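**Q** Need the 3D shape of this:
(2 chains)
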Amino acid sequence: MNAARALSRHAGSVARFLLLLFLVTVAVFLLLELIPGSPVDAILPPDATPEQVAAARAQYGLDQPLWERYFSWMGGVLQGDLGRSYQTGLSVASTIAERAPVSLELAFLAILLALAVSIPVGVWSAYRPGGILDRVSTFVISATLATPAFVLGILLVYVFAVQLGLLPVLGWTPFAEDPVRHFERLVLPVVTLAAGECVLFTRILKGDMMATLQQDHVLSARARGLPTWRILLRHALRQSSFSLVTVSGVVIGRLIGGTVLVEAIFSLPGMGTMVITAINSRDYVVVQAMVLLTAVVYLVINAVVDLTYPLLDPRVRKVRTS
Amino acid sequence: MKGWRKAPGPMAAVLAVSLVVAGCGAGDDGGSGSGEPRRGGTLSYAVNVEAASLDPASCGVQSFDRCAPIFGTLLRYDLDKKEFVGQMAESFSTTDGVSWTLKLRSGVKFSDGTPFDADAVVFNWDRVKDPATLSPALRVTQGMTWKATDPRTVTVTLDKPNYQLPWALVRGLSAIGSPTAIQKAGADVGNAPVGAGPFVLKKWTRNSQLELTRNPDYFETGLPYLDGLVVKVIGADDQRLNALRSGEIDVDWSLLTKDARAIEAEGGYDVYRVPLVGGTGLQFNENDAVVKDEGLRKAMLLAFDSAQINNAVYPGDAPVDAFLRPDAAERDDAMGRFPDKNLAEAQRLFDDYLARTGKSGETVTFTCYAGVPALEQVAQLIQSQMQQINGLTFKLNPVDGATLSQASSKREFQTIMGATLSQEMDRLYDVFHSEGALNVMSYANPKVDEALAVTRSSNDRNEVTTAYKTVVGEISKDGPLRTWRYQTGHLYVKKKVKGIVVAGTNSGASAYFQYAWLG
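**A** The predicted model follows:
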C-alpha cells in the first residue's frame, strides 16, 4: 500500500515536471517570435540582396510555419539534437557541452566559497549578536549589497591584477593545460561571483540560527552543559539549514545560466557569454536551447532540494511517511 | 617592408586614388623599432567582439583582424604611402577601370599543401557570389565577372569603370581559402579555416581566444617573426586597457581619444592613430512622411550642438563642423559645412513648417541604443537640444543593437543613431549615392551622385579629390548624417613590440602581424 502511494506521488511529480517543461518550450518559442525582426536580419549584412534573404530563410527553415518549426525543433531535442547555431554553424549541443564545464565550475566554486564563508560567520554572528564578528560582517554585508558584481569585479582586477600584479586580469586556461594557471585565473571571478551569494547566505543563516537558538531543545542542551560547538553545529545549525538549502538550490540554478556579467568581465568561455552573444545576434536556436536547459536544471534542483528536507528534519520524514 | 614588391606600372594609375586616410601616427620611435628583427615569442592582441565565422567568404568584411593572419589579403593598403600594394597577389592592374588583371605569385601554397592559384581565387569568389553562401561581400561582386586565364592570372571585367575596385581586394574579396579544405569542411567551413597567410589556426576557444602559430610555408621568406599570435576577446574598453597594463596582452585598440591620451601619458607604449571616414550621428529618413520636410530637418540641424555632446561625453574631442576632419585633403569648407547652431533660425524654420502643414506641434522619434551608457547619454543630450525648439517633441526610442540595425536596414525609423565608419572614402558611394546599398536615409542629391560617379570612373587623382570635396561639402550642408565626433582608430602597442605595420579596418585599427617581432 505504501509503495503504491509513493509511486502515485512520484508519478504525479513526473507528470508535473513534463508539463512544466512542455509549457516552457512553447513559451520560449512564442516569446522569441514576438521579438521584432528576424534572425535573418542579424545574420545578413545591411546591404543583403533579396536572393540572400530568401536563401537564408530557406537554409534555416524560417520559411516554414511556426508550428512546423516548433515540432521539428522538439523532434530534434528529444533525440539530443538542439540544432545548429545560425551565427557559427556549430552544433548547439556540442557548444553547450564545451562551455558548460566552465560555467559549472565557476558556479560550483562560487557556491562552495560562499558557504565556506557564510556558515561560520552566520553561526557565530547569531551566537554572539553585537560582537566584533557580527559588527564587521554587518558592515561588509552592507558594503557588498551596495556594490554591483561588475563594479566589484573591475575593482578586484584593478587592485589584485593591475596594481599588485598578483593574479591574471582575465582569460581562461584549461585545467589539463596548466592546473596552477587554471585556478589562478578563477580566483577573481569566483570571489566576484561568491560575494553576493555570501551576503545572502549569511543573512539567511544568521536569522534562522537566532530563532533556533531560542528554542526549548537548544536551551535544554545548554542546561545539560553540552559544549557550545556541539549545540551550535549539531542542534542549531542542522535545523536552521532549511532556508539555506532551499536558497542554495535556487542560487545554483541561477548561477549556472546567470554568470553572464562575470564571464563577460573576465572573458571566460562559459554559457553566460554564449547566451549574451546569442541574444545580441538573434541566434534563436542557441537561446531556445539555453532556456530549455536552464528550466530543466531548475526543475531538477528543486526536486533534489525537495528530497533533501527529510534528511535534515525527521519531522518532515514522519509527515511524508504517515 | 620586407619582401614587398611595389605594384607595377599600370597599377600606378589606380594607386593615385586619393584617400582621406591621413596615415598613422606613432610614438617617438614610430613604433617600427630599431635593430635586427628577432624571431620567436608569442604576441597577444585583444579585440572587442568575437568573430562569428572564419569563412573566407565573410571574415574579410566582418573580422579582418582574425581573417588576415590566416588567409592574408590579396592586396594591402599602405597607410604611409597611401597606395595599394600586393600582398598574397603580386599585382592588380587596369588600363581602363573596366578590365582588370590579377597576377598571383608563383609557388605560393595553402597550409594544406594545395596550390594558391587562379582556380582557387575563382572558386572563392564564386562562393562569395552565390547567395546561398550568405557572404557580406556579395554586393561587391555585382556587375563583376572573372575567369582564370592561366594558373597565375585572373581577369576581371566590370560593367562600368571602377578605379576603387582594389579596396575589394583589401577587404571583402581579399581572403582566399583552400578550395580542398572548404569542400571538405562543408557546413563547418567557418570553423576550419585553411589559408596561405602568415599564421595557421591552432585552437579556437570561442568568446575567449584564438590561438595561431607560424605558417612554416608562408611565402615571404623569414616571416612571420613570431612563433604565435593569440587574439583575445575582451568586450569592455576598460578591461582591455587593464589587460594591456598588466601584461596580459601586448597590443590593444579602441576608438576613444581619452584612452589614447591616458596610455600616452603612462608611457611604455606606442600609440598609432588611423583617422577614419565618418562616424556615429543623427540620421534622417528622408522617406518618412514627416522628416522628408527639408525645413523641419534643417531646423533640427540648427539645434544640434556637437560641442555640448563632446564636452559631456567625449571630453577632449573637438566639435564637428563638417563630415570630414579639418585636415582631410577631401574637405573644402567653401563647398559646405554642417550648419552652425542657431536656435532662433531653427525656431523660425520650425514655425514655418507648422504654418505650412497646419499643425500645432510635431513629434519626431529618435531610435537609439539602449544599454550603451555613453550613447544613451548622447541620445538624451540630442533630445534636450531638439526640444529647445518650441513645439517639437523629440521622443527617444531606445532599442538593442540588433533591433537598431534592423530598423536602419529596413528604413523603419524617422531619425536614428546611425553610423558609417570606414578606412576608405569609397564607402561614401554606398552610403550617400541615391542608389547606394547602404543609403538607409533615402538621401538623394544629384550633385553628390554625379561627383560620386566621378570618384569611381576617374583615375585622375586631382579630379577624384575635387569630386570628393563636392561630396563632402554637399553632405555637410544637407546633413543627412549629422556626426558629433571625428572617429580615429587607436592602436596601443607595448614598446617591446617592434615592426608594427598598421592596418585600418572598418571599425578601427589593427596590424599586419607577420612583420611584428618582440624586442
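**Q** Show the pLDDT at residue 6.
**A** You didn't pick a chain, so chain A it is. We have a pLDDT of 62 for A:Ala6.
**Q** right idea, wrong chain: chain B
**A** 31.
**Q** what about A:Ile141, neighbour count?
**A** By other Cβ atoms under 10 Å in any protein chain shown, the residues close to A:Ile141 number 19. C-beta here means a position set from N, CA and C on the backbone, and glycine is covered the same way.
**Q** out of everything not next to it in sequence, what's closest to residue 233?
**A** I'll assume chain A. A:Val123 (7.6 Å; Cβ to Cβ, 6 or more residues apart in numbering or on different chains).
**Q** That was the other one, I meant chain B.
**A** Distances taken as Cβ to Cβ, 6+ apart put B:Glu50 closest to B:Val233, at 4.8 Å, once the chain neighbours are dropped.
**Q** do B:Lys298 as well
**A** Closest to B:Lys298 by Cβ to Cβ, 6+ apart is B:Leu349, at 5.4 Å.
**Q** Around that neighbour, how many other residues sit close by?
**A** 22.
**Q** How far off centre is stretch A:276-295?
**A** 16 Å (Cα atoms, centre = their mean, to the nearest Å).
**Q** my read: the residue nearest to B:Val233 touches B:Gln209, true?
**A** No - contact status for B:Glu50 versus B:Gln209: not in contact, 9.8 Å apart, counting by Cβ atoms under 8 Å.
**Q** residues in contact with the closest residue to B:Pro151 other than its chain neighbours?
**A** Nearest non-adjacent residue to B:Pro151, counting by Cβ to Cβ, 6+ apart: B:Asp117, 4.7 Å away. By Cβ atoms under 8 Å, 6 or more residues apart in numbering or on different chains, the residues touching B:Asp117 are B:104, B:148, B:151-152.
**Q** do A:Arg203 as well
**A** A:Arg203 neighbours (Cβ under 8 Å, 6+ apart): A:122, A:141.
**Q** residue ranges for the helices of the stretch 401-519 of chain B, please.
**A** Remark: helices assigned in the stretch 401-519 of chain B by DSSP state H, counting those that start in this stretch are B:401-409, B:427-432, B:446-457, B:461-478.
**Q** Same question for the stretch 51-200 of chain A.
**A** Along the stretch 51-200 of chain A, the stretches classed as helices by DSSP H, counting those that start in this stretch are A:66-78, A:92-127, A:132-145, A:149-156, A:179-212.
**Q** weakest of these by average pLDDT?
**A** Looking at the helices of the stretch 51-200 of chain A, the bottom one is helix A:132-145 with a mean of 80.
**Q** Only alpha carbons, please: show it as CSV.
**A** Taking Å, rounded to 0.1, in the frame of the first residue of the first chain, the C-alpha atoms of helix A:132-145 are listed here in CSV:
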residue,chain,number,x,y,z
ILE,A,132,33.0,42.1,16.8
LEU,A,133,32.5,39.4,14.1
ASP,A,134,28.8,40.3,13.9
ARG,A,135,29.5,44.0,13.5
VAL,A,136,32.2,43.5,10.9
SER,A,137,30.1,41.1,8.9
THR,A,138,27.1,43.5,9.0
PHE,A,139,29.4,46.3,7.7
VAL,A,140,30.8,44.0,4.9
ILE,A,141,27.3,42.8,4.0
SER,A,142,26.0,46.4,3.7
ALA,A,143,29.0,47.3,1.6
THR,A,144,28.7,44.3,-0.7
LEU,A,145,25.0,44.7,-1.1
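**Q** what's the angle between it and helix A:179-212?
**A** 120 degrees (axes from the mean of the first three to the mean of the last three Cα atoms, to 10 degrees).
**Q** Quick one: name the residues of the stretch 1-150 of chain A near chain B.
**A** Contact residues (Cβ under 8 Å from any Cβ of the partner chain) of the stretch 1-150 of chain A with chain B: A:36-38, A:41-49, A:51-52, A:54-56, A:59, A:84, A:87-90, A:95.
**Q** filter the residues you listed to the buried ones?
**A** Those of the residues of the stretch 1-150 of chain A next to chain B that meet the buried threshold are A:37-38, A:41-48, A:52, A:55-56, A:59, A:84, A:87-90, A:95, by 16 or more other Cβ atoms under 10 Å in any protein chain shown.
**Q** Quick check: which of the helices of the stretch 401-519 of chain B is nearest to B:Asp327?
**A** helix B:461-478 (12.9 Å; Cβ to Cβ).
**Q** The closest one packs against which elements?
**A** If you count contacts as 3 or more Cβ pairs under 8 Å, 6 or more residues apart in numbering or on different chains; DSSP states H and E, helix B:461-478 packs onto helix B:427-432, helix B:446-457.
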